[in-house]
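Trainee: Give me a 3D structure for the following:
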Amino acid sequence: MVEKRRALNTDNQRVIIHVKDVNDEPPYFINRPLPMQAVVQLNAPPNTPVFTLQARDPDTDHNIHYFIVRDRTGGRFEVDERSGVVRTRGTDPFQLDMEYVLYVKAEDQNGRVDERRFQATPEERLSIVGGKRAPQFYMPSYEAEIPENQKKDSDIISVKAKSFADRDIRYTLKAQGQGAGTFNIGPTSGIVKLAKELDFEDLRQPHVYSLIVTATEDSGGFSTSVELTIRVTDVNDNAPKFELPDYQAHNVDEDIPIGTSVLRVRATDADSGANAEIEYLVSDDHFSVDAAGVISNDRQLDADNNNAYYEFVVTAMDKGEPPKTGTATVRIYTKNKNDEEPKFSQQVYTPNVDENAGPNTLVTTVVASDKDGDNVRFGFVGGGTSGGPGTSSAGQFAIEEVTGVIRLHGRATSLDRDKYELNVTATDDGSCCPGGEATLHTSTAVVVVFITDVNDNKPVFKECGTYYPKVEEGAPNGSPVIKVHATDEDKGVNGQVKYSIVQQPNQKGTKFTVDEETGEVSTNKVFDREGDDGKFVSVTVKATDQGEPSLEGVCSFTVEITDVNDNPPLFDRQKYVENVKQDASIGTNILRVSASDEDADNNGAIVYSLSAPYNPSDLDYFEIQPESGWIVLKKPLDNILFCFL
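Mentor: Numbers count the residues shown, from 1 in each chain. So this is what the prediction gives:
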């Protein structure tokens, strides 16, 4: 079956969406510096420009107009609605140092709020002074914040003032209180620089510098001043330091409860704020440390490990970015108690002994040690009868109490089992510590003695005589044939069997393979019953045990190659020609055809049939016997030529 799928055709089209602006933003003034200030000449004629109002509107269809909202000048000024230029009115002279104040705004004539109002800026105060006025800084005050590690001669902040007389301005800097000489200013640039290095931790240096910047016009002009505040911030440039490089606690009982305070450490940090906040860490998970530096045990202590003391590192880490750390060494010395039981080197021992081993044969040696330093004695569970001085016995085995050596008894033994299990004990004597003998400890281990088998039995195919497998000719290579099985009465590796195919004499390659572990026999070729393979193929399988030396058993059987209808019938001639008398009687045997088929049984049985492809009516005269192949006349003949298939 062929699955048909429709091809999915896709196309991409670029879509451009234009977003139409809605007039929903009010205008705003962009004049700088603020507040708005200007000067007017005392004899300025009418229409003299003194200031230009400037506003912006984010909307695309804005229509900005400028207005005087409140006039405190008596009508001495007017503003051009479209350009924002503020001009003088009238011919009266202006008074020296007189301040003329206007309140102005800007409206978006296309941004209506309601029927009477338009979107507008807040009112701004415009101060105009007659004659002269002092320079104006662009900010009413200046602030800066720098880290304590700011580089010397680096730029801190730039200040700027506007001269109403269009004169050059020179800047000077003066410290209020402490900090003189710490900063300087460029006389013409207004750039404030750091003149000397800072140290936040130096008590002689303030953390906040209050400075006065003065802007003075050249040629004896006016001057004005502004406050400059520079704050110095702490930099995490100091690591925590411990009061001691090494802390020690002595004679700490190893059985103190978990969570007991052992000692306290303390570290300080010269920085400030978060840079000086300290948290403690320890490198040994037997212990923990709290925010106050108190070290407690998180696990049960053990004087029998680490040479009766614990040594680890305690770290003090501040909360700066990035954090800095300091370290100290901690040593905690513990007192030993008889609290450990002997430990065997392994919980299960598995020695091997030959089944024909003689008396006093060494079986194995068990080993146990006591962390407390006690002496250890060995025995069997339940004691048992004495096997001699300093020994105890169990069954056919004896153990030496001091060395842990296990042997067969000195008398004759009969090892008739596959294995023997012995439960061995190790008991301390409490000699490690004062009063240690009051509490003795015992531990156990298991000794499994395996009796070694002798390889004296060969593998046997008990069902070999029942193997009559069949394989169909044409079956693919690797097809299963039969699973053979051999048994070996030996034990262990002596009874482990692996299978192989025995090569037949004068045979190129093997026609079968066998899985060496499972005994599954499979074909190693594609068989042809009518070819060289024939109807039966003999196979010999060998079973080999894994003993030293190994023993073998064989099984030979015959595999029947069953027939498949893979050959067509073949006639003994390519063409049959026969002359028949015109007056031959109905039922006369005219001609016998013969065909053969190499297949077997029903696959080789032949049934004949007759056809007339050129003239179907010819079949009216003849018929063929399906079994014999005889062509028989069934209708009187005319003088004509017949052709059949």
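Trainee: With just CA atoms, put the helix or strand of the chain with the lowest mean pLDDT into CSV.
Mentor: When the helices and strands of the chain are scored by mean pLDDT, DSSP states H and E, helix 601-604 comes last with a mean of 69. Presented in CSV, the C-alpha positions along helix 601-604 are these (Å, rounded to 0.1, in the frame of the first residue of the first chain):
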residue,chain,number,x,y,z
ASP,A,601,5.0,-34.7,-3.0
ASN,A,602,2.2,-32.4,-4.0
ASN,A,603,4.7,-29.7,-5.1
GLY,A,604,5.9,-32.2,-7.8
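Trainee: Show residues contacting it.
Mentor: D563, V564, N565, N567, D597, E598 (CB atoms under 8 Å, 6 or more residues apart in numbering). From N, CA and C alone the C-beta is placed, and that goes for glycine too.
Trainee: Pull the number of nearby residues for the residue lying closest to the fourth one once chain neighbours are set aside.
Mentor: If I follow you right, that is N567. What sits nearest to N567 in space, not counting adjacent residues and going by CB to CB, 6 or more residues apart in numbering, is E598, at 4.3 Å. With neighbours defined by other CB atoms under 10 Å, the count for E598 comes to 15.
Trainee: Quick check: E598 vs H485, distance?
Mentor: 37 Å (CB to CB, to the nearest Å).
Trainee: looking at this, S500 is in a strand?
Mentor: Yes - assigned with DSSP: H, G, I helix; E, B strand; the rest coil, S500 falls within a strand.
Trainee: what about the closest residue to D545 other than its chain neighbours, how many residues close to it?
Mentor: Leaving aside its chain neighbours, D545 sits nearest to D488 (4.9 Å; criterion: CB to CB, 6+ apart). Neighbourhood size, D488 [other CB under 10 Å]: 21.
Trainee: D488: what's it in contact with?
Mentor: Applying CB under 8 Å, 6+ apart, we find D488 in contact with N457, K458, P459, V460, N494, G495, Q496, V497, A543, D545, L551.
Trainee: Contacts only, for the closest residue to T172 other than its chain neighbours.
Mentor: Spatial nearest neighbour of T172, chain neighbours left out: T214 (4.8 Å); criterion: CB to CB, 6+ apart. Counting by CB under 8 Å, 6+ apart, T214 touches Y171, T172, L173, K174, S223, T224, S225.
Trainee: repeat that with 7 Å
Mentor: Neighbouring residues of T214 by CB atoms under 7 Å, 6 or more residues apart in numbering: T172, S223, S225.
Trainee: same question, D374
Mentor: D374 makes contact with N338, D428, D429, G430, S431, C432, G436, according to CB under 7 Å, 6+ apart.
Trainee: And it, what's its pLDDT?
Mentor: Reading off the confidence values, D374 has pLDDT 79.
Trainee: What is the three-state secondary structure of it?
Mentor: Assigned with three-state DSSP, D374 falls in the coil class.
Trainee: repeat for G465
Mentor: Note that with three-state DSSP, the state of G465 is helix.
Trainee: Look up how far V514 lies from it.
Mentor: Applying CB to CB, the value for G465 to V514 is 18 Å.
Trainee: Might you list the low-confidence residue ranges for the chain?
Mentor: Residue ranges of the chain with pLDDT under 70: 1-8, 306, 383-390, 434-436, 506-508, 597, 599-600, 604, 639-645.
Trainee: if you set the cut-off to 50 instead, what comes out?
Mentor: The chain contains residues with pLDDT under 50 at 1-5, 385-386.
Trainee: Longest strand in it, please.
Mentor: Scanning the chain for the strand with the most residues, using DSSP state E, yields strand 99-112.
Trainee: Mind listing the strands the following helix or strand past that strand pairs with, and their directions?
Mentor: Counting by DSSP states H and E, the next helix or strand C-terminal to strand 99-112 is strand 118-120. Paired with strand 118-120 in the same sheet, following DSSP bridges, are strand 99-112 (antiparallel).
Trainee: Check which residues of the strand it pairs with are buried.
Mentor: Within strand 99-112, the residues scored as buried using 16 or more other CB atoms under 10 Å are Y100, L102, V104, K105, A106, E107, D108, G111.
Trainee: Next, the distance between the ends of stretch 347-365.
Mentor: 13 Å (CA to CA, to the nearest Å).
Trainee: I misspoke; the intended subject was stretch 485-492.
Mentor: End-to-end distance of stretch 485-492: 17 Å, with CA to CA as the criterion.
Trainee: picking that back up, who wins for neighbours among the contacts of D374?
Mentor: Neighbour tally across the contacts of D374 (other CB under 10 Å): the maximum, 27 neighbours, falls on D428.
Trainee: need the contact list for that residue.
Mentor: D428 touches E341, P342, D370, D372, D374, N375, V376, L440, H441, counting by CB under 7 Å, 6+ apart.
Trainee: Paired strands for the next helix or strand after the least confident helix or strand of the chain, with orientation please.
Mentor: Once the chain leaves helix 601-604, the next helix or strand it forms, by DSSP H and E, is strand 622-624. Paired neighbours of strand 622-624 in the sheet (DSSP bridges): strand 630-633 (antiparallel).
Trainee: Buried residues of stretch 128-138, list them for me.
Mentor: I128, V129, G130, R133, A134, P135, Q136, F137.
Trainee: can you pull the contacts of the last one?
Mentor: This means F137. Applying CB under 7 Å, 6+ apart to F137 gives the contacts P33, V159, A161, A215, T224, V226.
Trainee: Of those residues, grab the buried ones for PyMOL.
Mentor: In PyMOL, a selection of the buried entries from those looks like this (16+ other CB under 10 Å):
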select buried, resi 159+161+215+224+226
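Trainee: just the contacts of F137 now: which is nearest K193?
Mentor: Among the contacts of F137, V159 lies closest to K193 (CB to CB), at 12.0 Å.
Trainee: and F67, bridged to which residues?
Mentor: Here F67 sits in beta bridges with K105, going by DSSP bridges.
Trainee: so it touches L102, yeah?
Mentor: No - taking contacts as CB atoms under 7 Å, F67 lies outside contact range of L102: 10.2 Å.
Trainee: tell me, what's touching the two both at once?
Mentor: By CB under 7 Å, 6+ apart, F67 and L102 have no common neighbours.
Trainee: Of all pairs in the contacts of D428, which one is the farthest apart?
Mentor: Among those, E341 and N375 lie farthest apart (CB to CB), at 13.5 Å.
Trainee: Which one's more surrounded, these two?
Mentor: Comparing E341 with N375 by other CB under 10 Å, the one with more neighbours is E341, at 19 against 13.
Trainee: so what's that one up against?
Mentor: Contact analysis of E341 by CB under 7 Å, 6+ apart lists D428, H441, T442, S443.
Trainee: And for I157?
Mentor: By CB under 7 Å, 6+ apart, the contact list for I157 reads Y142, A144, V192.
Trainee: Restricted to strands, list those residues.
Mentor: Mapping those onto strands (DSSP E) picks out Y142, A144, V192.
Trainee: which non-adjacent residue is nearest the second one?
Mentor: Put plainly, it is A144. Leaving aside its sequence neighbours, A144 sits nearest to I157 (CB to CB, 6+ apart; 4.3 Å).
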